[in-house]
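1. Quick one, structure for this:
(2 chains)
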Number of protein chains: 2
Amino acid sequence: MNAAIISIGDELVLGQTVDTNSAWLSERLAAIGVKVGMHITVEDELGAVAEVIEAMCERSCVVLVSGGLGPTEDDLTRAGLARAMGVDVVQSEEMLASVEGYFRDKIGREMPARNRVQAMKPVGTEMIKNDWGTAPGIRAELDGATVFVMPGVPSEMRGMYEHCVEPAIQEIGKKDEVEGMGTLRRVILTKKVNTFGLGESDVGERLGKLMRRDRNPVVGTTVSEGICGVRIRAEYEDADGAEKAIAETVGLIEEKMGRFVFGCDDERLQDAVVQALQRTNRTVATAESCTGGLIGKMITDVSGSSDVYKGGYVTYSNEMKMTCLGVPKEVLEAYGAVSREVAGAMAKGVIEQTGSDYGVGVTGIAGPGGGSDEKPVGTVWIGIASRAKNGEIRCYTALLNQWGDRARVRDRAAKCCLQALRFVMLDEPIEKMSWVREVAVIGGT
Amino acid sequence: MNAAIISIGDELVLGQTVDTNSAWLSERLAAIGVKVGMHITVEDELGAVAEVIEAMCERSCVVLVSGGLGPTEDDLTRAGLARAMGVDVVQSEEMLASVEGYFRDKIGREMPARNRVQAMKPVGTEMIKNDWGTAPGIRAELDGATVFVMPGVPSEMRGMYEHCVEPAIQEIGKKDEVEGMGTLRRVILTKKVNTFGLGESDVGERLGKLMRRDRNPVVGTTVSEGICGVRIRAEYEDADGAEKAIAETVGLIEEKMGRFVFGCDDERLQDAVVQALQRTNRTVATAESCTGGLIGKMITDVSGSSDVYKGGYVTYSNEMKMTCLGVPKEVLEAYGAVSREVAGAMAKGVIEQTGSDYGVGVTGIAGPGGGSDEKPVGTVWIGIASRAKNGEIRCYTALLNQWGDRARVRDRAAKCCLQALRFVMLDEPIEKMSWVREVAVIGGT
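-> Numbering: from 1, shown residues only, chains lettered A, B, ... in the order given. This is a model prediction of the structure:
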């Protein structure tokens, strides 16, 4: 069984509002085995609304429409559906009672006259009750497809979908199966394996044949904020089969990607770091220059990070690098603030000041100004000091200029620090990361 | 002139990613008078991609496509466009040079073999240069429409649109006008006035009649991440008229909203703070507990902030509050870490340690754990110390629990600090903000 999703509203095609309903509905439909091939967003224009509903009914078993059910003049979905069906719009007593009831019981006042229009529906259609707002939904049959019209307000749409529309779609699926007209297709489950430290093409190369389009589960990659997510999509007869297949594919991906994998789905790099520190009962402290506090912010994003995070210094000026962290003036003068020596001294200093097990020092050129031929914008030096290794400091430079602007250079620099800290904890060579240039180890046993 | 927008990607129709490109493009197109009638999102499936491109070319002058230009097997937009055009895909030497050049100059290594595919294009089409990532875009003519294919990664898409695609669309518009084939429509311009510190209904009350729906420009409010934006939308015959009307409405809004306004459009609170410090030649330093470095991060988001930001301390533990900032042990024990006294001592300590003109201290309960009846989750104490006022410290507590989760409490706490610093600099009473409870002034002249 396949479905199409239609969103209606000028605010959407004008770009004033981002459509989040379509993604939400798609995910819900995939989980019950309904395949969504297309989302369409159309303006509040009678002809366009009618045309799109008709076109989608021709190609889909189920058509989900949201938006355009409000009480104002630009709400044309009722009329558009009627035009697509070639019927009139009439007042429904049942719907009128529903709208009046919502005002009386939920809002505590009489229904304003202008809301009467929300009780209109095309001849031959059914009302869908709305317990989450004033606008009732509409269910219609057209060209062999079933159309469900829902309000555009996300909370109302979600309530109506969960309680009324999804059960109805499952009924349609069962009926079709009995009559041999089509089946509730197979269940689609998805999962994302998160990696950091390799470019998308390097990830693709490692995954190799896993990315063949005819594989099930199918594997693809997407990059968002420097994180390369390996997406898995399993299409099976039943949820059990899909889950098993996904688990197996996750295992294969982890094998190929190694330590670059730090988590799944919503798990962040900072979650992995905090967990690793908690597991080993170790602490960390930060000494930040170019990231300006971002690493501390990321670590403390994680609830419970106070167990493992001692705190940090934002030593944006050379003066603070010296007074707070004891970076020698001569080192700053001889090598410059963005150097292996200073990153190392910052990492060492923060361990000494705070008594933490690990120290992270980072200094770089975030841009847009401050770059030179020798040290272009995007040059970052990172030092990770380990108390357990007698104060050994692993330093490396990453060149992050391909990420573009200041915000991205800083975000990627912070992520490089967190991944480098994980690698140090796991005794994994930092230099495997795509953006790493020079590597050096200072001190230690 | 009308346009259609196509987004391509399994992750979109499966609901794993919300499509933000379409809204962004729509807004940009509206601003140059191009009407977008439809957005379509399709899966990574060759036939579907080709079909949708063809259908949209039939009904539009300009078709903007994003996504599916990556180097992996699920990137089918190049082939889909070729099928819609009925031509083959060939290797382009120009594109190959561009991809290779990007790897060499921006990433600093050889192009991996698999990225060769990004240099393929349908016969008879033109390359669009990509300075923001590896995938070149493609410009094609089909059925009298001009198709622009761009990468799906938002930053790359935006860079390419702004620098290459928008100028090309304006050229097409001019040509059509000359040939009488259609004109650029009425211009819609929008602007957003950003405020922080009042709830949306308080903002609505202050704006009053400005929010009438039959006004032009029309004025509305939206809240995003605690920032209440006052949106203005003007629809005029020409850009001059629209701009004039918008400027006038901005003036009226500023009159009613006062110091709560900190900027327009993309301007952030941290931009306003850094500008104010630069203007008055003053410096600030931060002492953060619950925000964990976020305020330092926000201030250093602004390029050039090193002139005014001395640096900061992330004193997540009581120990660090004592050793780094000199908060007396007795004060911590008597009042607790989340208290007026500690916030004040942190602000005072950071001025003394760094020699800055202003000091920001913040301590609070970000949650989900750690709350009590007396100090529920969301309780934050903020201290702003001013050297110019003989070390006067203005302290206040904000109750931010209505914002929900840990991330939001921390974000709003950081924004409260920045707005409070602005208010102190402007001699504006902090207590006007909606979320402020108790206020106290310690020391000073």
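
2. Let me know the secondary structure of residue A:240.
-> Assigned by DSSP: H, G, I helix; E, B strand; the rest coil, the conformation of residue A:240 is helix.

3. Sorry, wrong one. I was asking about residue A:65.
-> The three-state label given to residue A:65 by three-state DSSP is strand.

4. got the contact list for the closest residue in space to residue A:80 that isn't next to it in sequence?
-> Closest residue in space to residue A:80, ignoring its immediate chain neighbours: residue A:49 at 3.0 Å, by Cβ to Cβ, 6 or more residues apart in numbering or on different chains. Heads up, the C-betas are built off the backbone N, CA and C, glycines and all. Taking Cβ atoms under 8 Å, 6 or more residues apart in numbering or on different chains as the definition of contact, the neighbours of residue A:49 are A:8, A:42, A:68, A:76, A:77, A:79, A:80, A:81, A:83, A:84.

5. and the host helix or strand of residue A:49, how far from the chain's centre?
-> Residue A:49 is located in helix A:46-59, with elements delineated by DSSP states H and E. Remark: helix A:46-59 is offset 31 Å from the chain centroid, using Cα atoms, centre = their mean, to the nearest Å.

6. mind listing the helices for the stretch 101-250 of chain A?
-> Along the stretch 101-250 of chain A, the stretches classed as helices by DSSP state H, counting those that start in this stretch are A:154-160, A:166-178, A:200-207, A:239-257.

7. Dump the last one to CSV, restricted to CA.
-> If I follow you right, that is helix A:239-257. Provided in CSV are the C-alpha atoms of helix A:239-257 (Å, rounded to 0.1, in the frame of the first residue of the first chain):
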residue,chain,number,x,y,z
ALA,A,239,8.5,-5.9,12.5
ASP,A,240,10.5,-8.7,14.0
GLY,A,241,12.2,-9.6,10.7
ALA,A,242,13.0,-5.9,10.1
GLU,A,243,14.4,-5.4,13.6
LYS,A,244,16.6,-8.5,13.3
ALA,A,245,17.9,-7.5,9.9
ILE,A,246,18.6,-4.0,11.1
ALA,A,247,20.6,-5.3,14.1
GLU,A,248,22.7,-7.5,11.8
THR,A,249,23.4,-4.6,9.4
VAL,A,250,24.4,-2.3,12.3
GLY,A,251,26.9,-5.0,13.3
LEU,A,252,28.4,-5.0,9.8
ILE,A,253,28.6,-1.2,9.7
GLU,A,254,30.3,-1.1,13.1
GLU,A,255,32.8,-3.7,11.8
LYS,A,256,33.7,-1.6,8.8
MET,A,257,33.6,1.8,10.6
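
8. So what touches stretch A:417-435?
-> Residues lying outside stretch A:417-435 but in contact with it, judged by Cβ under 8 Å, 6+ apart, are A:196-199, A:202, A:258-260, A:262, A:269-270, A:272-273, A:276-277, A:280, A:282, A:284, A:286, A:291, A:295, A:298-299, A:358, A:360, A:362, A:382, A:384, A:386, A:394, A:396, A:398-400, A:412, A:416, A:436, A:439.

9. Can you point out the buried residues in that stretch?
-> Using 16 or more other Cβ atoms under 10 Å in any protein chain shown as the test for burial, stretch A:417-435 gives A:417-425, A:428, A:430, A:433-435.

10. again, but for stretch A:52-64
-> Neighbour-count burial for stretch A:52-64 flags A:52, A:53, A:54, A:55, A:56, A:57, A:60, A:61, A:62, A:63, A:64 (criterion: 16+ other Cβ under 10 Å).

11. cool, and stretch A:359-378?
-> Under the neighbour-count criterion of 16+ other Cβ under 10 Å, stretch A:359-378 has A:359-367, A:370-371, A:375, A:377-378 buried.

12. ok, and of the residues you listed, which contact chain B?
-> Among these, the residues that sit close to chain B (Cβ under 8 Å from any Cβ of the partner chain) are A:366, A:367.

13. and the two most separated of the buried residues of stretch A:359-378?
-> Using Cβ to Cβ, the buried residues of stretch A:359-378 span at most 26.9 Å, a distance reached by A:359 and A:371.

14. Is residue A:189 bridged to anything, and to what?
-> In this structure, residue A:189 has the following beta-bridge partners (DSSP bridges): residue A:234.

15. And the pLDDT at it?
-> According to the predicted model, the pLDDT of residue A:189 comes to 82.

16. same thing with residue A:184?
-> Confidence per residue is given as pLDDT, and for residue A:184 that number is 53.

17. got a list of what the spatially closest residue to residue A:117 that is not a sequence neighbour touches?
-> Distances taken as Cβ to Cβ, 6+ apart place residue A:71 nearest to residue A:117, at 5.7 Å, with adjacent residues excluded. Contacts for residue A:71 were tallied using Cβ under 8 Å, 6+ apart; they are A:112, A:114, A:115, A:117, A:118, A:134, A:135.
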